[in-house]
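[1] return a 3D structure for these sequence lines:
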Amino acid sequence: MKKARGHWPLHAVLLLLILFSAGCYKPGSKQAIPATPAADNEQASLSGSILMLTNRIDLIENGTMQGYADQFKKKYPEAAVEFEGLSNYATDIMVRLSTKDAGDVLLLPVNLPAKELSYFFEPLSEEMSADEKFISFTAFDGKRYGLSTGTTTSGIIYNKKAFEKAGITEIPQTLDDFYAICAQLKQAGIIPLYLNYGAVWPLREWGNNMVNYMTGNAEYLNEMVHTNNPWQTDNEWGRSLGIARTLVARGYVEDELFSNNWEVSKTRLAKGEAGMYLSGNWTIRQVLDAGAASEDIGFFPFPYDNGQTHYAPLNPDWFIGVSKFSKNKELSMAWVNFLVKETAYTAESFLPVDGTSEPSMEQYAEFNSYHPELVEAVVQTDAFIDMANRSKLSFATGDYIQELIAAPDLQKSFDELNARWKEAREGQPASFQP
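    Now for the predicted structure:
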(Lines give C-alpha, C1' and ligand atoms only; values in the text may rest on other atoms or scores of the structure.)
Protein backbone atom coordinates (compact mmCIF):
# COMPACT_ATOMS: atom_id res chain seq x y z
CA MET A 1 0.00 0.00 0.00
CA LYS A 2 1.12 3.57 -0.61
CA LYS A 3 1.35 6.15 2.12
CA ALA A 4 -1.68 8.37 2.53
CA ARG A 5 -0.89 11.93 1.61
CA GLY A 6 -0.95 14.49 4.36
CA HIS A 7 -2.12 18.09 4.17
CA TRP A 8 -1.08 19.87 1.01
CA PRO A 9 1.02 23.07 0.94
CA LEU A 10 -0.94 26.29 1.41
CA HIS A 11 -0.25 27.49 -2.12
CA ALA A 12 -1.70 24.27 -3.55
CA VAL A 13 -4.83 24.62 -1.42
CA LEU A 14 -5.26 28.23 -2.52
CA LEU A 15 -4.95 27.25 -6.16
CA LEU A 16 -7.62 24.59 -5.69
CA LEU A 17 -9.96 27.00 -3.93
CA ILE A 18 -9.51 29.50 -6.75
CA LEU A 19 -10.42 26.81 -9.28
CA PHE A 20 -13.50 25.75 -7.34
CA SER A 21 -14.71 29.29 -6.69
CA ALA A 22 -14.65 29.89 -10.42
CA GLY A 23 -17.21 27.15 -10.87
CA CYS A 24 -19.56 27.96 -8.00
CA TYR A 25 -21.35 31.28 -8.18
CA LYS A 26 -22.86 32.81 -5.10
CA PRO A 27 -23.90 36.47 -4.96
CA GLY A 28 -20.95 38.51 -3.82
CA SER A 29 -18.63 35.49 -3.60
CA LYS A 30 -16.73 35.96 -6.84
CA GLN A 31 -16.32 38.23 -9.78
CA ALA A 32 -18.48 37.14 -12.70
CA ILE A 33 -16.81 36.25 -15.96
CA PRO A 34 -17.40 39.24 -18.26
CA ALA A 35 -19.87 38.47 -21.00
CA THR A 36 -18.72 39.18 -24.52
CA PRO A 37 -20.81 42.13 -25.76
CA ALA A 38 -23.30 41.25 -28.47
CA ALA A 39 -23.92 43.30 -31.55
CA ASP A 40 -26.91 45.65 -31.33
CA ASN A 41 -28.91 43.67 -33.87
CA GLU A 42 -28.16 40.44 -32.02
CA GLN A 43 -29.33 41.92 -28.74
CA ALA A 44 -32.55 43.00 -30.37
CA SER A 45 -33.26 39.68 -32.04
CA LEU A 46 -32.52 37.41 -29.08
CA SER A 47 -35.27 37.87 -26.54
CA GLY A 48 -37.78 35.90 -24.55
CA SER A 49 -37.53 33.22 -21.88
CA ILE A 50 -36.18 29.68 -22.13
CA LEU A 51 -36.15 26.74 -19.71
CA MET A 52 -33.15 24.48 -19.08
CA LEU A 53 -33.60 21.02 -17.58
CA THR A 54 -30.61 19.74 -15.62
CA ASN A 55 -29.48 17.13 -13.12
CA ARG A 56 -27.49 19.77 -11.22
CA ILE A 57 -30.05 20.63 -8.58
CA ASP A 58 -27.20 21.70 -6.32
CA LEU A 59 -26.12 24.40 -8.78
CA ILE A 60 -29.68 25.69 -8.94
CA GLU A 61 -30.07 25.79 -5.17
CA ASN A 62 -26.73 27.49 -4.45
CA GLY A 63 -27.28 30.21 -7.06
CA THR A 64 -24.58 29.12 -9.50
CA MET A 65 -26.95 28.61 -12.45
CA GLN A 66 -28.70 31.92 -11.79
CA GLY A 67 -25.30 33.56 -11.74
CA TYR A 68 -24.63 32.24 -15.24
CA ALA A 69 -28.09 33.42 -16.35
CA ASP A 70 -27.32 36.89 -14.99
CA GLN A 71 -24.11 36.96 -17.03
CA PHE A 72 -26.08 35.90 -20.09
CA LYS A 73 -28.59 38.70 -19.53
CA LYS A 74 -25.78 41.26 -19.66
CA LYS A 75 -25.10 40.04 -23.17
CA TYR A 76 -28.77 39.67 -24.16
CA PRO A 77 -30.77 42.12 -22.00
CA GLU A 78 -34.15 41.00 -23.34
CA ALA A 79 -33.49 37.31 -22.65
CA ALA A 80 -34.12 35.23 -19.54
CA VAL A 81 -33.13 31.69 -18.60
CA GLU A 82 -35.05 29.59 -16.07
CA PHE A 83 -34.03 26.23 -14.61
CA GLU A 84 -35.68 23.01 -13.53
CA GLY A 85 -33.77 20.26 -11.74
CA LEU A 86 -34.63 16.59 -12.17
CA SER A 87 -33.54 14.38 -9.27
CA ASN A 88 -33.61 11.16 -11.32
CA TYR A 89 -32.54 12.72 -14.58
CA ALA A 90 -31.79 9.62 -16.67
CA THR A 91 -35.30 8.25 -16.12
CA ASP A 92 -37.28 11.48 -15.91
CA ILE A 93 -35.86 13.02 -19.07
CA MET A 94 -37.03 10.13 -21.25
CA VAL A 95 -40.58 10.66 -20.00
CA ARG A 96 -40.34 14.39 -20.63
CA LEU A 97 -39.04 13.86 -24.16
CA SER A 98 -41.84 11.41 -24.93
CA THR A 99 -44.40 14.07 -24.02
CA LYS A 100 -42.50 16.86 -25.81
CA ASP A 101 -42.22 18.64 -22.44
CA ALA A 102 -38.44 18.83 -22.28
CA GLY A 103 -37.89 22.55 -21.96
CA ASP A 104 -35.66 24.38 -24.43
CA VAL A 105 -32.18 23.28 -23.35
CA LEU A 106 -31.39 19.95 -21.74
CA LEU A 107 -28.79 17.28 -21.14
CA LEU A 108 -28.88 14.53 -23.77
CA PRO A 109 -29.99 11.11 -22.49
CA VAL A 110 -27.20 8.55 -22.65
CA ASN A 111 -29.61 5.76 -23.58
CA LEU A 112 -30.98 7.42 -26.72
CA PRO A 113 -29.80 5.77 -29.97
CA ALA A 114 -27.82 8.11 -32.20
CA LYS A 115 -30.27 7.52 -35.05
CA GLU A 116 -33.03 9.04 -32.89
CA LEU A 117 -31.16 12.22 -31.92
CA SER A 118 -32.75 14.21 -34.75
CA TYR A 119 -36.23 13.32 -33.46
CA PHE A 120 -35.67 15.21 -30.23
CA PHE A 121 -32.76 17.63 -30.74
CA GLU A 122 -31.72 20.43 -33.05
CA PRO A 123 -28.41 19.95 -34.88
CA LEU A 124 -25.64 22.32 -33.88
CA SER A 125 -23.91 24.56 -36.38
CA GLU A 126 -20.46 23.56 -37.61
CA GLU A 127 -19.02 26.71 -36.03
CA MET A 128 -20.58 25.92 -32.67
CA SER A 129 -19.33 22.32 -32.54
CA ALA A 130 -15.99 22.81 -34.32
CA ASP A 131 -13.88 22.29 -31.18
CA GLU A 132 -16.05 19.58 -29.62
CA LYS A 133 -14.24 16.70 -27.95
CA PHE A 134 -15.37 13.08 -27.82
CA ILE A 135 -16.38 13.41 -31.45
CA SER A 136 -17.93 9.94 -31.65
CA PHE A 137 -20.64 10.98 -29.19
CA THR A 138 -23.97 12.73 -29.92
CA ALA A 139 -23.42 12.64 -33.66
CA PHE A 140 -25.33 11.01 -36.50
CA ASP A 141 -25.30 11.33 -40.27
CA GLY A 142 -22.67 14.06 -40.19
CA LYS A 143 -24.49 16.25 -37.68
CA ARG A 144 -23.74 16.93 -34.01
CA TYR A 145 -26.46 17.42 -31.43
CA GLY A 146 -24.65 18.12 -28.16
CA LEU A 147 -21.63 19.81 -26.59
CA SER A 148 -19.66 18.07 -23.84
CA THR A 149 -19.84 19.74 -20.44
CA GLY A 150 -16.72 18.16 -18.99
CA THR A 151 -14.46 15.14 -18.62
CA THR A 152 -14.58 12.83 -15.62
CA THR A 153 -12.97 9.83 -14.01
CA SER A 154 -14.12 7.65 -11.13
CA GLY A 155 -12.41 6.57 -7.95
CA ILE A 156 -12.55 6.63 -4.17
CA ILE A 157 -13.24 10.05 -2.66
CA TYR A 158 -12.26 9.92 1.00
CA ASN A 159 -12.05 12.00 4.15
CA LYS A 160 -8.48 12.15 5.42
CA LYS A 161 -9.52 12.98 8.98
CA ALA A 162 -11.75 9.91 9.05
CA PHE A 163 -8.80 7.83 7.88
CA GLU A 164 -6.59 9.39 10.55
CA LYS A 165 -9.17 8.70 13.28
CA ALA A 166 -9.35 5.06 12.18
CA GLY A 167 -5.56 4.75 12.22
CA ILE A 168 -5.28 4.33 8.44
CA THR A 169 -1.87 5.50 7.26
CA GLU A 170 -1.68 3.88 3.82
CA ILE A 171 -3.88 4.17 0.76
CA PRO A 172 -5.08 0.67 -0.29
CA GLN A 173 -3.62 -0.63 -3.53
CA THR A 174 -5.40 -4.00 -3.54
CA LEU A 175 -8.96 -5.14 -2.90
CA ASP A 176 -7.93 -7.03 0.23
CA ASP A 177 -6.32 -3.87 1.58
CA PHE A 178 -9.50 -1.95 0.73
CA TYR A 179 -11.62 -4.36 2.75
CA ALA A 180 -9.10 -4.02 5.60
CA ILE A 181 -9.45 -0.23 5.82
CA CYS A 182 -13.25 -0.63 5.70
CA ALA A 183 -12.97 -2.80 8.80
CA GLN A 184 -10.80 -0.18 10.50
CA LEU A 185 -13.28 2.60 9.71
CA LYS A 186 -16.20 0.54 11.01
CA GLN A 187 -14.34 -0.25 14.22
CA ALA A 188 -13.76 3.49 14.69
CA GLY A 189 -17.52 4.16 14.48
CA ILE A 190 -17.32 5.62 10.97
CA ILE A 191 -19.48 4.50 8.04
CA PRO A 192 -16.74 2.99 5.84
CA LEU A 193 -18.36 3.67 2.47
CA TYR A 194 -21.57 5.35 1.44
CA LEU A 195 -23.10 3.16 -1.25
CA ASN A 196 -26.14 5.46 -1.68
CA TYR A 197 -28.23 2.39 -2.36
CA GLY A 198 -31.50 4.28 -1.87
CA ALA A 199 -30.61 7.01 -4.36
CA VAL A 200 -30.19 4.25 -7.00
CA TRP A 201 -28.27 6.17 -9.69
CA PRO A 202 -24.91 6.07 -7.80
CA LEU A 203 -25.04 2.27 -8.07
CA ARG A 204 -24.05 2.50 -11.73
CA GLU A 205 -20.47 2.75 -10.48
CA TRP A 206 -20.73 -0.85 -9.23
CA GLY A 207 -22.19 -2.19 -12.48
CA ASN A 208 -21.84 -1.06 -16.07
CA ASN A 209 -19.42 1.76 -15.23
CA MET A 210 -16.89 -0.54 -13.58
CA VAL A 211 -17.17 -3.48 -15.95
CA ASN A 212 -16.57 -1.17 -18.90
CA TYR A 213 -13.11 -0.17 -17.69
CA MET A 214 -11.79 -2.88 -15.35
CA THR A 215 -10.59 -4.98 -18.31
CA GLY A 216 -9.08 -1.98 -20.08
CA ASN A 217 -11.53 -2.58 -22.93
CA ALA A 218 -13.71 0.47 -23.54
CA GLU A 219 -15.84 -1.60 -25.93
CA TYR A 220 -16.84 -4.13 -23.25
CA LEU A 221 -20.51 -3.14 -23.10
CA ASN A 222 -20.78 -2.75 -26.86
CA GLU A 223 -19.39 -6.26 -27.33
CA MET A 224 -22.12 -7.71 -25.10
CA VAL A 225 -24.39 -7.73 -28.17
CA HIS A 226 -22.36 -10.69 -29.51
CA THR A 227 -23.20 -13.08 -26.67
CA ASN A 228 -26.35 -14.58 -25.18
CA ASN A 229 -24.97 -14.83 -21.65
CA PRO A 230 -22.96 -11.72 -20.69
CA TRP A 231 -23.79 -11.92 -16.97
CA GLN A 232 -21.65 -14.48 -15.13
CA THR A 233 -20.42 -14.64 -11.55
CA ASP A 234 -16.86 -15.35 -12.72
CA ASN A 235 -16.55 -12.44 -15.16
CA GLU A 236 -16.43 -8.67 -14.73
CA TRP A 237 -20.13 -8.44 -13.89
CA GLY A 238 -19.80 -10.99 -11.12
CA ARG A 239 -16.63 -9.44 -9.76
CA SER A 240 -17.94 -5.86 -9.66
CA LEU A 241 -21.32 -6.78 -8.16
CA GLY A 242 -19.54 -9.17 -5.82
CA ILE A 243 -17.59 -6.30 -4.28
CA ALA A 244 -20.74 -4.28 -3.61
CA ARG A 245 -22.49 -7.33 -2.17
CA THR A 246 -19.51 -8.04 0.09
CA LEU A 247 -19.53 -4.48 1.41
CA VAL A 248 -23.23 -4.78 2.26
CA ALA A 249 -22.84 -8.23 3.83
CA ARG A 250 -20.01 -7.08 6.09
CA GLY A 251 -21.83 -3.93 7.20
CA TYR A 252 -19.34 -1.59 5.55
CA VAL A 253 -22.06 0.68 4.09
CA GLU A 254 -24.83 2.90 5.44
CA ASP A 255 -27.58 1.29 7.54
CA GLU A 256 -30.58 3.09 6.03
CA LEU A 257 -30.16 1.43 2.64
CA PHE A 258 -33.60 2.14 1.22
CA SER A 259 -33.67 5.88 1.94
CA ASN A 260 -32.47 8.38 -0.63
CA ASN A 261 -29.80 10.08 1.45
CA TRP A 262 -27.61 11.50 -1.30
CA GLU A 263 -27.63 15.01 0.18
CA VAL A 264 -27.17 13.67 3.73
CA SER A 265 -24.29 11.46 2.62
CA LYS A 266 -22.31 14.44 1.32
CA THR A 267 -22.55 16.14 4.70
CA ARG A 268 -21.53 12.96 6.49
CA LEU A 269 -18.50 12.51 4.26
CA ALA A 270 -17.61 16.19 4.69
CA LYS A 271 -17.74 15.81 8.49
CA GLY A 272 -15.84 12.54 8.52
CA GLU A 273 -18.86 10.59 9.77
CA ALA A 274 -18.46 8.54 6.58
CA GLY A 275 -15.12 7.58 5.13
CA MET A 276 -15.52 7.04 1.40
CA TYR A 277 -17.53 7.21 -1.81
CA LEU A 278 -16.94 5.42 -5.09
CA SER A 279 -17.91 8.20 -7.47
CA GLY A 280 -16.79 10.58 -10.18
CA ASN A 281 -14.40 13.44 -9.50
CA TRP A 282 -17.30 15.89 -9.96
CA THR A 283 -18.52 14.80 -6.52
CA ILE A 284 -15.52 16.42 -4.83
CA ARG A 285 -16.93 19.91 -5.38
CA GLN A 286 -20.22 18.90 -3.78
CA VAL A 287 -18.48 17.45 -0.72
CA LEU A 288 -16.55 20.70 -0.32
CA ASP A 289 -19.79 22.64 -0.63
CA ALA A 290 -21.19 20.43 2.14
CA GLY A 291 -18.57 21.82 4.51
CA ALA A 292 -15.34 19.88 4.01
CA ALA A 293 -11.98 21.64 3.88
CA SER A 294 -10.25 20.96 0.59
CA GLU A 295 -7.11 19.67 2.29
CA ASP A 296 -9.20 17.03 4.11
CA ILE A 297 -10.60 15.40 0.97
CA GLY A 298 -8.56 12.97 -1.13
CA PHE A 299 -9.06 10.85 -4.24
CA PHE A 300 -7.47 7.56 -5.32
CA PRO A 301 -8.16 4.89 -7.99
CA PHE A 302 -10.44 2.08 -6.87
CA PRO A 303 -8.48 -1.18 -6.32
CA TYR A 304 -11.14 -3.55 -7.68
CA ASP A 305 -8.84 -6.61 -7.49
CA ASN A 306 -5.53 -7.71 -6.00
CA GLY A 307 -3.49 -6.88 -9.09
CA GLN A 308 -0.55 -4.49 -9.10
CA THR A 309 -2.05 -1.96 -11.51
CA HIS A 310 -5.61 -0.79 -12.11
CA TYR A 311 -7.58 0.85 -14.86
CA ALA A 312 -9.70 3.95 -14.38
CA PRO A 313 -12.21 5.48 -16.79
CA LEU A 314 -11.91 8.71 -18.72
CA ASN A 315 -15.43 9.70 -19.69
CA PRO A 316 -17.26 12.68 -21.09
CA ASP A 317 -19.82 14.06 -18.70
CA TRP A 318 -23.32 14.94 -19.89
CA PHE A 319 -23.76 16.57 -23.27
CA ILE A 320 -26.01 19.60 -23.59
CA GLY A 321 -28.25 20.47 -26.54
CA VAL A 322 -31.39 22.21 -27.76
CA SER A 323 -34.81 20.58 -27.78
CA LYS A 324 -36.47 19.98 -31.14
CA PHE A 325 -39.66 21.23 -29.51
CA SER A 326 -38.26 24.55 -28.29
CA LYS A 327 -40.23 27.63 -29.33
CA ASN A 328 -37.09 29.75 -29.16
CA LYS A 329 -34.32 27.73 -30.76
CA GLU A 330 -32.08 30.68 -31.63
CA LEU A 331 -31.97 31.92 -28.06
CA SER A 332 -31.52 28.35 -26.82
CA MET A 333 -28.52 27.85 -29.12
CA ALA A 334 -26.99 31.08 -27.86
CA TRP A 335 -27.44 29.93 -24.25
CA VAL A 336 -25.82 26.52 -24.87
CA ASN A 337 -22.85 28.14 -26.58
CA PHE A 338 -22.54 30.74 -23.82
CA LEU A 339 -22.85 28.29 -20.93
CA VAL A 340 -20.26 25.86 -22.28
CA LYS A 341 -17.76 28.33 -23.72
CA GLU A 342 -18.08 31.59 -21.77
CA THR A 343 -18.74 30.54 -18.16
CA ALA A 344 -17.03 28.38 -15.56
CA TYR A 345 -19.73 25.70 -15.89
CA THR A 346 -17.48 23.13 -17.58
CA ALA A 347 -14.80 23.66 -14.92
CA GLU A 348 -17.26 22.78 -12.13
CA SER A 349 -15.23 19.91 -10.66
CA PHE A 350 -14.46 18.40 -14.06
CA LEU A 351 -11.18 17.59 -15.73
CA PRO A 352 -10.23 19.69 -18.77
CA VAL A 353 -12.14 18.77 -21.92
CA ASP A 354 -9.01 19.69 -23.85
CA GLY A 355 -6.71 16.70 -23.46
CA THR A 356 -3.61 18.89 -23.85
CA SER A 357 -4.40 20.83 -20.66
CA GLU A 358 -3.21 19.78 -17.22
CA PRO A 359 -5.93 19.33 -14.59
CA SER A 360 -5.83 21.90 -11.82
CA MET A 361 -7.67 19.84 -9.20
CA GLU A 362 -5.26 18.94 -6.42
CA GLN A 363 -7.32 15.84 -5.63
CA TYR A 364 -6.88 14.65 -9.20
CA ALA A 365 -3.13 15.18 -8.88
CA GLU A 366 -3.24 12.76 -5.95
CA PHE A 367 -5.36 10.34 -7.99
CA ASN A 368 -2.92 10.48 -10.88
CA SER A 369 0.07 9.93 -8.60
CA TYR A 370 -0.99 6.28 -8.27
CA HIS A 371 -0.57 5.89 -12.04
CA PRO A 372 -3.85 4.28 -13.07
CA GLU A 373 -4.17 3.29 -16.71
CA LEU A 374 -6.91 5.53 -18.09
CA VAL A 375 -9.42 3.95 -20.44
CA GLU A 376 -10.97 6.57 -22.73
CA ALA A 377 -14.67 5.99 -23.26
CA VAL A 378 -16.23 5.23 -26.63
CA VAL A 379 -19.81 5.93 -27.58
CA GLN A 380 -22.39 3.25 -26.88
CA THR A 381 -23.42 1.77 -30.21
CA ASP A 382 -26.99 1.84 -31.43
CA ALA A 383 -26.87 -1.96 -31.44
CA PHE A 384 -26.13 -1.99 -27.70
CA ILE A 385 -28.76 0.65 -26.90
CA ASP A 386 -31.36 -1.21 -28.97
CA MET A 387 -30.52 -4.45 -27.17
CA ALA A 388 -30.79 -2.76 -23.78
CA ASN A 389 -34.15 -1.24 -24.71
CA ARG A 390 -35.54 -4.50 -26.09
CA SER A 391 -34.48 -6.40 -22.98
CA LYS A 392 -36.07 -3.72 -20.76
CA LEU A 393 -32.77 -2.84 -19.10
CA SER A 394 -31.91 0.77 -18.35
CA PHE A 395 -28.16 0.92 -17.94
CA ALA A 396 -28.41 4.66 -17.33
CA THR A 397 -30.48 4.52 -14.13
CA GLY A 398 -28.95 1.79 -11.96
CA ASP A 399 -32.31 0.26 -10.98
CA TYR A 400 -31.33 -3.26 -11.94
CA ILE A 401 -28.00 -2.89 -10.10
CA GLN A 402 -29.98 -2.24 -6.92
CA GLU A 403 -31.85 -5.53 -7.45
CA LEU A 404 -28.64 -7.45 -8.15
CA ILE A 405 -26.94 -6.20 -5.00
CA ALA A 406 -29.91 -7.40 -2.93
CA ALA A 407 -30.47 -10.67 -4.81
CA PRO A 408 -30.40 -13.80 -2.58
CA ASP A 409 -28.81 -15.77 -5.44
CA LEU A 410 -26.71 -13.64 -7.80
CA GLN A 411 -26.29 -16.33 -10.46
CA LYS A 412 -30.06 -16.93 -10.55
CA SER A 413 -30.61 -13.21 -11.11
CA PHE A 414 -27.91 -13.24 -13.78
CA ASP A 415 -29.68 -16.15 -15.47
CA GLU A 416 -32.87 -14.08 -15.66
CA LEU A 417 -30.96 -11.18 -17.23
CA ASN A 418 -29.29 -13.53 -19.69
CA ALA A 419 -32.68 -14.93 -20.71
CA ARG A 420 -33.96 -11.45 -21.42
CA TRP A 421 -30.78 -10.59 -23.29
CA LYS A 422 -30.99 -13.73 -25.42
CA GLU A 423 -34.60 -12.99 -26.36
CA ALA A 424 -33.59 -9.47 -27.33
CA ARG A 425 -30.78 -10.81 -29.52
CA GLU A 426 -33.24 -13.09 -31.25
CA GLY A 427 -35.50 -10.12 -31.93
CA GLN A 428 -38.20 -11.31 -29.57
CA PRO A 429 -39.91 -9.09 -26.99
CA ALA A 430 -38.49 -9.68 -23.53
CA SER A 431 -41.02 -11.75 -21.64
CA PHE A 432 -39.75 -10.78 -18.20
CA GLN A 433 -41.09 -7.43 -17.09
CA PRO A 434 -39.06 -5.49 -14.52
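[2] mind listing the helices in the stretch 1-150 of the chain by residue range?
    Ranges of helices in the stretch 1-150 of the chain, per DSSP state H, counting those that start in this stretch, are 10-22, 40-45, 57-61, 64-75, 89-98, 117-120.
[3] tell me the contacts of the nearest residue in space to residue 123 that is not next to it in sequence?
    Closest residue to residue 123 apart from its sequence neighbours, by C-beta to C-beta, 6 or more residues apart in numbering: residue 143 at 4.0 Å. The way it works is simple: take the backbone N, C-alpha and C, and place the C-beta from them, glycine included. The neighbours of residue 143, taking C-beta atoms under 8 Å, 6 or more residues apart in numbering as the test, are 118, 123-124.
[4] same for the longest helix along the chain, what does it pack against?
    Assignment by DSSP state H gives helix 410-425 as the longest helix of the chain. Judged by 3 or more C-beta pairs under 8 Å, 6 or more residues apart in numbering; DSSP states H and E, helix 410-425 is in contact with helix 236-249, helix 382-390, helix 399-406.
[5] among these, which is nearest residue 294?
    Ranking the helices and strands packed on helix 410-425 by their distance to residue 294 (criterion: C-beta to C-beta) puts helix 236-249 first, at 27.0 Å.
[6] quick one: mean pLDDT over the closest one.
    What helix 236-249 shows for mean pLDDT is 97.
[7] what's the answer for stretch 107-119, then?
    89.
[8] what's it in contact with?
    By C-beta under 8 Å, 6+ apart, stretch 107-119 touches 53-55, 89-90, 93-94, 97, 120-121, 138-141, 143, 145-146, 149, 318-321, 324, 379-380, 382, 385-386, 388-389, 394-396.
[9] and that stretch, how far out from the chain middle?
    On the basis of C-alpha atoms, centre = their mean, to the nearest Å, stretch 107-119 sits 18 Å off its chain's mean C-alpha point.
[10] can we start the residue count at 27 from this point?
    All right, first residue 27 from here; so that's stretch 133-145.
[11] now do the same end-to-end measure for that stretch.
    With C-alpha to C-alpha, to the nearest Å as the measure, stretch 133-145 spans 15 Å from end to end.
[12] could you do stretch 397-412 as well?
    End to end - C-alpha to C-alpha - stretch 397-412 spans 36 Å.
[13] could you do stretch 166-178 as well?
    For stretch 166-178, the end-to-end distance is 24 Å (C-alpha to C-alpha).
[14] if we can go back for a sec, residue 212: which of the helices and strands packed on helix 436-451 is closest?
    Across these, closest to residue 212 is helix 262-275 (C-beta to C-beta), at 10.5 Å.
[15] list the buried ones in the closest one?
    Residues 262-267, 269-271, 273-274 are the ones in helix 262-275 that count as buried (16 or more other C-beta atoms under 10 Å).
[16] before we move on, what about stretch 318-334?
    318, 320-330.
[17] same question, stretch 402-411
    So stretch 402-411, judged by 16+ other C-beta under 10 Å, has buried residues 403-407, 410-411.
[18] got it, and stretch 92-111?
    By 16+ other C-beta under 10 Å, the buried positions in stretch 92-111 come out as 92-95, 97-98, 101-102, 105, 107, 109, 111.
[19] same deal with stretch 120-136?
    Along stretch 120-136, these residues count as buried under the neighbour rule (16+ other C-beta under 10 Å): 120, 122-123, 128-136.
[20] just stretch 353-364 next, same as before
    For stretch 353-364, burial by neighbour count (16+ other C-beta under 10 Å) applies to 354-355, 357-364.
[21] kindly reformat those as TSV containing distance to residue 192, secondary structure and pLDDT.
    TSV is the format used below for the buried residues of stretch 353-364 (distance: C-beta to C-beta, whole Å; DSSP: H, G, I helix; E, B strand; the rest coil; pLDDT from 0 to 100):
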residue	distance to residue 192	secondary structure	pLDDT
354	54	coil	96
355	54	helix	96
357	53	helix	97
358	50	helix	97
359	51	helix	96
360	51	helix	96
361	47	helix	97
362	45	helix	95
363	48	helix	93
364	46	helix	95
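[22] which one among the residues you listed gets closest to residue 201?
    Using C-beta to C-beta, residue 362 comes nearest to residue 201 of those, at 41.9 Å.
[23] now that closest one: how far from residue 71?
    17 Å (C-beta to C-beta, to the nearest Å).
[24] before we move on, what about residue 402?
    As judged by C-beta to C-beta, residue 402 and residue 71 stand 40 Å apart.
[25] got it, and residue 244?
    Following C-beta to C-beta, the distance that separates residue 244 from residue 71 is 43 Å.
[26] who's more crowded, those two?
    residue 244 (18 against 14; other C-beta atoms under 10 Å).
[27] right, and residue 337 touches residue 243 too?
    No: contact criterion C-beta atoms under 8 Å: residue 337 and residue 243 do not qualify, at 9.1 Å.
[28] what sits against residue 76?
    So residue 76 contacts 105-108, 129-131, 352, 354, 357-358, 361 (C-beta under 8 Å, 6+ apart).
[29] got a pLDDT number for it?
    What the model reports as pLDDT for residue 76 is 97.
[30] what pairs with it across the strands?
    Residue 76 forms beta bridges with residue 107, as assigned by DSSP bridges.
[31] could you list the low-pLDDT ranges of the stretch 77-226 of the chain?
    The model of the stretch 77-226 of the chain has pLDDT under 70 over residues 157-159.
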